[in-house]
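**Student:** sequence? don't have it. structure:
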């Protein structure tokens, strides 16, 4: 499958819209009292009263969107996760407009994201996992700037990874161009992995076609497995690998001194509550 890369520097740039997959079941944390996206991780002062209020996991990501000038975000939830729209409502508390797309189930994050294709196919996308806390606060502003500077189809945020066996590792050259993506290697000399991304309609189209391709359907058992994803779901990194192979242009921005933490495991959730690593 081959799709021509973006020529956005030569034309008007589509609006950037936030996109968050929140349809998972948090299997590694069960039993859990709420959607993991709403678990309190630190505190923030209420802007009206000045009183400290719990700051939930997804709020860190939404604030990063907002600080990059993103004014709209679509959150994709599974049926039953009604506590998320009940908590964030229309988005006034995070300074942007929020919309919710409710789906019956998903094969994994790429499938979840593709449900938004009919609504966001013409937009640039700021993508992030709601259960990964990371810095810096202006990460998306830097990713958007790099995309506009280079015309890349995708720009990945790279952090220095502590345990490469649990992360999608990335090989990039001195100019930031991605040469290879390696899924959770048992051993590697690579030190940076990706945490979030900004992409253009070119990648949205590629993802949409990739999920429907006969080759993908025939090989789903190999693509969606526990080596690529802890839950055995289809991982976003698999689609990025395929996009790179197909000739899409993938850039990167390194954040070597900023921390990250996946709160999807009990141990890391404890660390997040204690350290408040996101800010």
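**Tutor:** That came through, no problem. Note that the coordinates shown come from a computational prediction; the quantities given were computed from them, not determined experimentally. Numbers count the residues shown, from 1 in each chain.

**Student:** switch to C-alpha atoms for all contacts and neighbour counts from now on
**Tutor:** Noted.

**Student:** just the strands in the stretch 51-200 of the chain please.
**Tutor:** Remark: strands assigned in the stretch 51-200 of the chain by DSSP state E, counting those that start in this stretch are 52-56, 72-78, 97-103, 124-128, 132-134, 154-160, 168-172, 178-183, 192-199.

**Student:** so which of those strands comes closest to residue 144?
**Tutor:** strand 192-199 (6.6 Å; C-alpha to C-alpha).

**Student:** quick one, helices of the protein?
**Tutor:** 57-67, 83-88, 109-114, 117-120, 139-150, 201-212, 214-218, 220-223, 236-246, 266-275 (DSSP state H).

**Student:** quick one on the thing from earlier: please convert the strands of the stretch 51-200 of the chain to JSON lines, extending it with mean pLDDT and mean neighbour count.
**Tutor:** Shown next, in JSON lines, are those (pLDDT from 0 to 100; neighbours: other C-alpha atoms under 10 Å):
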{"stretch": "strand 52-56", "mean pLDDT": "87", "mean neighbour count": "16"}
{"stretch": "strand 72-78", "mean pLDDT": "97", "mean neighbour count": "21"}
{"stretch": "strand 97-103", "mean pLDDT": "98", "mean neighbour count": "17"}
{"stretch": "strand 124-128", "mean pLDDT": "98", "mean neighbour count": "24"}
{"stretch": "strand 132-134", "mean pLDDT": "92", "mean neighbour count": "23"}
{"stretch": "strand 154-160", "mean pLDDT": "98", "mean neighbour count": "25"}
{"stretch": "strand 168-172", "mean pLDDT": "97", "mean neighbour count": "21"}
{"stretch": "strand 178-183", "mean pLDDT": "97", "mean neighbour count": "18"}
{"stretch": "strand 192-199", "mean pLDDT": "97", "mean neighbour count": "23"}
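
**Student:** the closest residue in space to residue 210 that isn't next to it in sequence: how many residues sit nearby?
**Tutor:** Distances taken as C-alpha to C-alpha, 6 or more residues apart in numbering place residue 216 nearest to residue 210, at 6.6 Å, with adjacent residues excluded. Residue 216 has 14 neighbours, counted by other C-alpha atoms under 10 Å.

**Student:** you'd agree residue 216 is up against residue 207?
**Tutor:** No. Counting by C-alpha atoms under 8 Å, residue 216 sits too far from residue 207 to count as a contact (11.0 Å).

**Student:** ok so, going back, between the helices of the chain, which gets nearest to residue 131?
**Tutor:** helix 57-67 (6.3 Å).

**Student:** which strands and helices sit next to the closest one?
**Tutor:** strand 132-134, helix 139-150 (3 or more C-alpha pairs under 8 Å, 6 or more residues apart in numbering; DSSP states H and E).

**Student:** need the ones you listed in CSV (columns: distance to residue 126).
**Tutor:** Shown next, in CSV, are those (distance: least, C-alpha to C-alpha, whole Å):
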stretch, distance to residue 126
strand 132-134, 14
helix 139-150, 7
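
**Student:** can you tell me which of those is most buried?
**Tutor:** Mean neighbour count (mean count of other C-alpha atoms under 10 Å) peaks for strand 132-134 among the helices and strands packed on helix 57-67, with a mean of 23.

**Student:** now do it: distance to the chain's middle.
**Tutor:** Its chain's average C-alpha position is 10 Å from that of strand 132-134, according to C-alpha atoms, centre = their mean, to the nearest Å.

**Student:** spit out the contact partners of residue 85.
**Tutor:** residue 100 (C-alpha atoms under 8 Å, 6 or more residues apart in numbering).
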